[in-house]
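In: The following block contains a protein sequence and its predicted model.
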Amino acid sequence: RAVNALTALVISGTPYTVINSLGNQGSVTGTDLQGMNGVLSRKYALGSDINASATSTWNSGLGFTPIGGNPITAFTPRPPGFSGKLNGLGHSVSNLTVNYGTDYNFLGMFSLLASGSSVSNLNLTQANVLGSGRMGILAGINSGSISNVITSGTVTSQLASAWGLGLNIGGLVGVNENNIVNSSSSANVTGRYDGVGGLVGTNSGQISGSNSSGSVQNLSAGSYGDTGGLVGSSTAGSITNSFSSSTVSGNNSLRSFGGLVGSNTASISNSYATGSVSLGSSSDKVGGLIGNNTGVITESYSTGNVTVRQNARSVGGLIGQDSGTISKSNSSSTLSIGDLSGGTFSTSTGGGIGGLIGYALNDNISTSHSSGNLSVSGTAFQVGGLVGQSNSTIINKSFSNSNINVSGTASYVGGFVGNTNNTTITDAYATGAINVATSGSTKVAGFVGNAYSAGTVITNAYSSGAVSAIGSTNISGFAGGVEAN
């Protein structure tokens, strides 16, 4: 029912201003899409689909001005943000362009969704967002609530003049500080620094029932990373009932890449990744689900292929490096690893190649398993069907069916764990076959390649897979070596 000239809709007793047009560049009318910038606290609803293709020529090529405040060439102060509500009512905004270029931050249809704001039931299709940091198709930063929002198009980060100006790139939002529910992105996302994700760049809030399906790539030429199919870095909050089928890729010498999350210190449950993860040489902390984890993972899995080139370390089918808690999780991801990989036997640098976890440090793993095959082209060190290297770790009620193939020489290779130190393993088994093609290998065995230190205790465990390593030493059906024990 009509309430006044500006209001033509009432939802749950609350009047909404209905938006039916794009408006003009610079509009602050409060009655069209661009004009929402004029009244940031109002409640709006889309009354029809809006084609925003005209924004590609607005503002001398800068495009649409994000609602909530102008982008700036700095990451502080933040824009005031949009504090109202937008209900898309299932309508779409198509072909939106936000093109601010190098060093600009707070980019998207909204620069910032402030605390108390909400966006729901909206499709943003074939958008093009270009800048440096804190950007997504919907918003640069979300401190409000997002539900039932779908995005597609491209989000591209340009090389910034400083690291801090190029962080947090996502297909939906650059940074999530509150709630995202039942939302998705198929956008192709390209970042150059840390915090790059198919849905969210960096998350410290709650994400549930959401997914991503576009490509995610990090073009950094340095040692950056924190790149994931769904979320680049999750520092707090939780991710539940969510998934990613995004392909994730990066250059040489990068770290913390995952099919779902690049780096995680929060909780993840009932979530999975099916997309491939591929990186160049000297990569670190790479996993089919998570690259680097210190959080809590339950009932989650990965199936996508993981490929890294030579000199990689801490690579796992599920998690590259883990110092958290893993339960009821599994990986069937296939690992393809380059020459001279597996890292070092060290608590400071570590490493390992594992069907579930590459390097487990101060870890707790229970009721989990791996089934994907591991293939190393060349020399390998610390390769395990479940875990490559474990240090000060507890593993309970877990198993591996993963086969291991190494074309070069190998050291510390086991059907369950490659190399262990101060590790307790109970109620565990390995059934996968091991084949090392080149003579001169050592400590290759069906269960554990090497059990190091008196602190390593293995009880109620067995192996049944064939072990082949012709012309090598310390080859065994169960344990290849027992050092300082």
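Out: Looks like it came in fine.
In: End to end on stretch 360-379, go ahead and measure it.
Out: 21 Å (Cα to Cα, to the nearest Å).
In: List the buried residues for that stretch?
Out: Neighbour-count burial for stretch 360-379 flags 360-361, 363-379 (criterion: 16 or more other Cβ atoms under 10 Å). In this view, the C-beta of every residue, glycine as well, is placed from N, C-alpha and C.
In: Look up phi and psi at residue 37.
Out: Dihedral pair for residue 37: phi -60, psi -20, per degrees, to the nearest 10.
In: Number of residues surrounding it?
Out: Using other Cβ atoms under 10 Å, the number of residues around residue 37 comes to 23.
In: In contact with it: list those residues for me.
Out: Contact analysis of residue 37 by Cβ atoms under 8 Å, 6 or more residues apart in numbering lists 27, 28, 65, 67, 68.
In: With residue 147 instead?
Out: Listed by Cβ under 8 Å, 6+ apart, the contact set of residue 147 reads 118, 119, 120, 121, 179, 180, 181, 182, 183.
In: One more: residue 340?
Out: By Cβ under 8 Å, 6+ apart, the residues touching residue 340 are 310, 311, 378, 379.
In: Mind putting the residues you listed into CSV with distance to residue 133 and secondary structure?
Out: Listed next are those as CSV, based on distance: Cβ to Cβ, whole Å; DSSP: H, G, I helix; E, B strand; the rest coil:
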residue, distance to residue 133, secondary structure
310, 32, coil
311, 30, coil
378, 38, coil
379, 39, coil
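In: Among the contacts of residue 37, which are located in strands?
Out: Using DSSP state E, no member of the contacts of residue 37 falls in strands.
In: Using ChimeraX, define a selection of the buried residues within the residues you listed.
Out: With 16+ other Cβ under 10 Å as the criterion, this ChimeraX line picks the buried residues out of those:
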select :27,65,67,68
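In: Switch the contacts of residue 37 over to JSON lines; also include distance to residue 206 and pLDDT.
Out: JSON lines is the format used below for the contacts of residue 37 (distance: Cβ to Cβ, whole Å; pLDDT from 0 to 100):
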{"residue": "27", "distance to residue 206": "34", "pLDDT": "97"}
{"residue": "28", "distance to residue 206": "33", "pLDDT": "97"}
{"residue": "65", "distance to residue 206": "30", "pLDDT": "98"}
{"residue": "67", "distance to residue 206": "23", "pLDDT": "98"}
{"residue": "68", "distance to residue 206": "21", "pLDDT": "98"}
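In: Mind jotting down where the strands sit in the stretch 1-150 of the chain?
Out: 7-11, 14-19, 43-46, 50-51, 85-87, 92-94, 97-99, 105-107, 110-113, 118-131, 133-135, 139-142, 145-157 (DSSP state E, counting those that start in this stretch).
In: Against residue 105, how distant is residue 69?
Out: Noted for residue 69: a distance of 11 Å to residue 105, by Cβ to Cβ, to the nearest Å.
In: So which of these two has more stuff around it?
Out: The neighbour count for residue 69 versus residue 105, taken as other Cβ under 10 Å, is higher for residue 105 (28 against 21).
In: so residue 390 is in which element?
Out: Taking DSSP states H and E as the definition, one finds residue 390 inside strand 387-400.
In: In CSV, list the contacts of residue 340 along with pLDDT.
Out: Converted to CSV, the contacts of residue 340 look like this (pLDDT from 0 to 100):
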residue, pLDDT
310, 92
311, 92
378, 93
379, 92
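In: Kindly reformat these as TSV containing distance to residue 284.
Out: Shown next, in TSV, are the contacts of residue 340 (distance: Cβ to Cβ, whole Å):
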residue	distance to residue 284
310	13
311	9
378	18
379	18
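In: residues in contact with the strand or helix carrying residue 481?
Out: Residue 481 belongs to strand 479-483 when elements are defined using DSSP H and E. Outside strand 479-483, the residues that touch it by Cβ under 8 Å, 6+ apart are 412-414, 442-445, 447-453, 474.
In: again, only this time at 7 Å
Out: Contacts of strand 479-483 with the rest of the structure, by Cβ atoms under 7 Å, 6 or more residues apart in numbering, involve 414, 443, 444, 445, 447, 448, 449, 450, 451, 452, 474.
In: Same check on stretch 342-362?
Out: Stretch 342-362 is touched from outside by 313-323, 331, 335, 337, 341, 368, 370, 372, 374, 376, 380-393, 400, 402, 418-419, with contacts defined as Cβ under 7 Å, 6+ apart.
In: Sitting in strands, which of those do you find?
Out: Those of these mapping onto strands are 313-316, 319-322, 331, 335, 337, 370, 374, 376, 380-384, 387-393, 400, 418-419, per DSSP E.
In: Chain neighbours aside, what residue packs nearest to residue 198?
Out: Excluding the flanking residues, the one nearest residue 198 by Cβ to Cβ, 6 or more residues apart in numbering is residue 212, at 3.1 Å.
In: swap in residue 470?
Out: Leaving aside its chain neighbours, residue 470 sits nearest to residue 439 (6.0 Å; criterion: Cβ to Cβ, 6+ apart).
In: Was I right to think that neighbour contacts residue 471?
Out: Yes: contact criterion Cβ atoms under 7 Å: residue 439 and residue 471 qualify, at 2.8 Å.
In: State the pLDDT value of the residue nearest to residue 455 when sequence neighbours are not counted.
Out: Spatial nearest neighbour of residue 455, chain neighbours left out: residue 422 (3.5 Å); criterion: Cβ to Cβ, 6+ apart. pLDDT for residue 422: 95.
In: Same check on the one 4 residues further on?
Out: At residue 426 the predicted local confidence, pLDDT, stands at 98.
In: Relative to the helix or strand harbouring it, what are the paired strands and their orientations?
Out: Here residue 426, judged by DSSP H and E, is contained in strand 417-430. Its sheet considered, strand 417-430 pairs with strand 387-400 (parallel), strand 448-452 (parallel), strand 457-463 (parallel) by DSSP bridges.
In: buried residues in that strand?
Out: Judged by neighbour count (16+ other Cβ under 10 Å), strand 417-430 contains these buried residues: 417, 418, 419, 420, 421, 422, 423, 424, 425, 428, 429, 430.
In: hang on, the fourth one packs against residue 453?
Out: No: because the distance of 8.2 Å does not satisfy Cβ under 7 Å, residue 420 is recorded as not touching residue 453.
In: Can you list the low-confidence ranges for the protein?
Out: Scanning the chain for pLDDT under 70 picks out 1-7, 346-348, 484-485.
In: mind running it again at 50?
Out: The model of the chain has pLDDT under 50 over residues 1-5.
In: Just the closest of the contacts of residue 340 to residue 257, please.
Out: Among those, residue 311 lies closest to residue 257 (Cβ to Cβ), at 15.3 Å.
In: Please report how far residue 462 lies from residue 472.
Out: Here the criterion is Cβ to Cβ. By it, residue 462 lies 22 Å from residue 472.
In: out of these two, which sits in the busier spot?
Out: Comparing residue 462 with residue 472 by neighbour count (other Cβ under 10 Å), the higher total belongs to residue 472, at 20 against 14.
In: can you tell me which residues contact that one?
Out: With contacts defined as Cβ under 7 Å, 6+ apart, residue 472 is in contact with 436, 439, 440, 441, 442, 444.
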